[in-house]
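J.: Sequence first, predicted coordinates after that:
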2 protein chains.
Amino acid sequence: MLWLQHYNIRGGSDRVGAVVANPARRSNLAHAALEILGNEGPRALTHRAVDGKAELPLGTCANYFPNKTELLLAMAQQIFELLAPEPKKLEQLAGLAAEEATAAYVEYVTERLLEHRYLAAALIELRLEAARSDEVRAVLAPVLQQGFEADVAFHRERGLPGGSNEVLLLHHLVNGAVLDAITIPMRPDLEVEEVVSQAAKRLTDTTPMPRTRD
Amino acid sequence: MLWLQHYNIRGGSDRVGAVVANPARRSNLAHAALEILGNEGPRALTHRAVDGKAELPLGTCANYFPNKTELLLAMAQQIFELLAPEPKKLEQLAGLAAEEATAAYVEYVTERLLEHRYLAAALIELRLEAARSDEVRAVLAPVLQQGFEADVAFHRERGLPGGSNEVLLLHHLVNGAVLDAITIPMRPDLEVEEVVSQAAKRLTDTTPMPRTRD
């Protein structure tokens, strides 16, 4: 997922919250919170723990993010900042023929997620939290939806095979493969990036897709 | 994943723990723990909460599962019990030609996971917990690995297209699609079961797969 998602997200972040004071401090806090959630799990994520991890005075996190939902939103946005592709690599990928390009983009996003396993884990934790809380869901859903739409738009503009349906399947593939890789790999003998790259080729070998609900 | 996994797991459950006293009580406790983990998240999962959910005297859960790892193992085994396919449905699927059968099995396991969303969520939470704790990983990995091997064996015996590599891709697909469906669906207009069924056909359209690491 998310090969260009972050551009969209970055643009949107100013609109969130009443006042965006000291964006660097906000980023630090969100980053610290992601390290805790991704490495230690939801039980460990408290305002106090975030202050400690960010090496800031007690009360700072609560000051910037008075409620948990605001903190979780900042974390979601921060994930996409931190997973942003490198412009040089994107330039290189831009030169590939459409048939090879899909697999290469999918391989690259998988690589980024596996380089930052705590972010991959934190993203899954945030999604599960959204399933349990309408409030969290309300702030997280637009971030993910925007990212997905950005990916679909990019996929189309880049002339990659298929459209929204194929991007959906590629998201499923990457999410499933990354969940496996960062937890208990079923086939540790295989290189994850190569597995998703091959699977991406098969998934974008377009045949009719399911009809939409009426 | 796991179209026949549970058979294997059920057979293995006697070997776990020193004494398996009152297996019905153990199942009840594990089931209650899964409901808490899947519906309320890891923060809510305590021995005390399990006793409450199972409507048993305080201390029962701690008595049956003195340490958390034993409880998590029982939960993992219980998931596969609860997700077991119906024999009648399996009989019906046994009649399908190999080309259609893969998609049908994948559709059926997706259906079962989406019927019991708390189990799907709990399974993901357990895997994430394994990523954070070597102890949890040590008990959970064999359960999942056995299940995967059982799926591969079934896939081969049933004459479905491909082998272990294809089963791996189908696991990734189902896990990614289910994570999406139970949290924030990117394409709520599509039927999940139909999406995975179509994708399964593409993924088992066999072409060369990645080489193993030497």
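T.: Happy to help now that I have it.
J.: Buried residues in the host helix or strand of residue A:103, which are they?
T.: According to DSSP states H and E, residue A:103 maps onto helix A:98-115. By 16 or more other CB atoms under 10 Å in any protein chain shown, the buried positions in helix A:98-115 come out as A:101-110, A:112-114. Where C-beta positions appear, they are placed from N, C-alpha and C, glycine not excepted.
J.: so what does it touch, helix or strand wise?
T.: Packing partners of helix A:98-115 (3 or more CB pairs under 8 Å, 6 or more residues apart in numbering or on different chains; DSSP states H and E): helix A:87-94, helix A:117-132, helix A:164-182, helix A:192-203.
J.: Only C-alpha atoms, please: export the longest one in CSV.
T.: Which is helix A:164-182. Presented in CSV, the C-alpha positions along helix A:164-182 are these (Å, rounded to 0.1, in the frame of the first residue of the first chain):
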residue,chain,number,x,y,z
SER,A,164,-9.0,0.5,-8.1
ASN,A,165,-9.7,-3.2,-7.8
GLU,A,166,-6.1,-4.1,-8.5
VAL,A,167,-4.8,-1.5,-6.0
LEU,A,168,-7.2,-3.1,-3.4
LEU,A,169,-5.7,-6.5,-4.0
LEU,A,170,-2.2,-5.2,-3.8
HIS,A,171,-3.0,-3.5,-0.5
HIS,A,172,-4.4,-6.8,0.8
LEU,A,173,-1.3,-8.7,-0.4
VAL,A,174,1.2,-6.3,1.2
ASN,A,175,-0.7,-6.1,4.5
GLY,A,176,-1.0,-9.9,4.7
ALA,A,177,2.6,-10.4,3.8
VAL,A,178,3.9,-7.8,6.2
LEU,A,179,1.7,-9.1,9.1
ASP,A,180,3.3,-12.5,8.4
ALA,A,181,6.8,-11.2,8.2
ILE,A,182,6.8,-9.1,11.3
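J.: Do any residues in that helix lie close to chain B?
T.: Yes. If you take CB under 8 Å from any CB of the partner chain as the test, helix A:164-182 does meet chain B, through A:164-165, A:168-169, A:171-177, A:179-180, A:182.
J.: A ChimeraX selection for those residues, restricted to the buried ones, would help me check which they are.
T.: Selection command for ChimeraX covering only the buried members of the residues of helix A:164-182 next to chain B, criterion 16+ other CB under 10 Å:
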select /A:164,165,168,169,171,172,173,174,175,176,177,179,180,182
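J.: just the residues of helix A:164-182 next to chain B now: which is nearest residue B:146?
T.: Distance to residue B:146, by CB to CB, is smallest for residue A:180 among the residues of helix A:164-182 next to chain B, at 15.5 Å.
J.: hang on, that closest one packs against residue B:175?
T.: Yes. Applying CB atoms under 8 Å, one finds residue A:180 in contact with residue B:175, separated by 6.9 Å.
J.: Next secondary structure after the lowest-mean-pLDDT helix or strand in chain A?
T.: Within chain A, no helix or strand scores below helix A:5-12, which has a mean of 38 by mean pLDDT, DSSP states H and E. Counting by DSSP H and E, the element after helix A:5-12 in chain order, helix or strand, is helix A:23-40.
J.: Show me what the helix or strand following that following helix is packed against.
T.: Moving toward the C-terminus from helix A:23-40, the next helix or strand (DSSP H and E) is helix A:47-53. Secondary-structure packing of helix A:47-53 (3+ CB pairs under 8 Å, 6+ apart): helix A:23-40, helix A:60-64.
J.: In a markdown table: these, plus distance to chain B and mean pLDDT.
T.: Listed next are these as a markdown table, based on distance: least, CB to the nearest CB, whole Å; pLDDT from 0 to 100:
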| stretch | distance to chain B | mean pLDDT |
| --- | --- | --- |
| helix A:23-40 | 6 | 96 |
| helix A:60-64 | 17 | 95 |
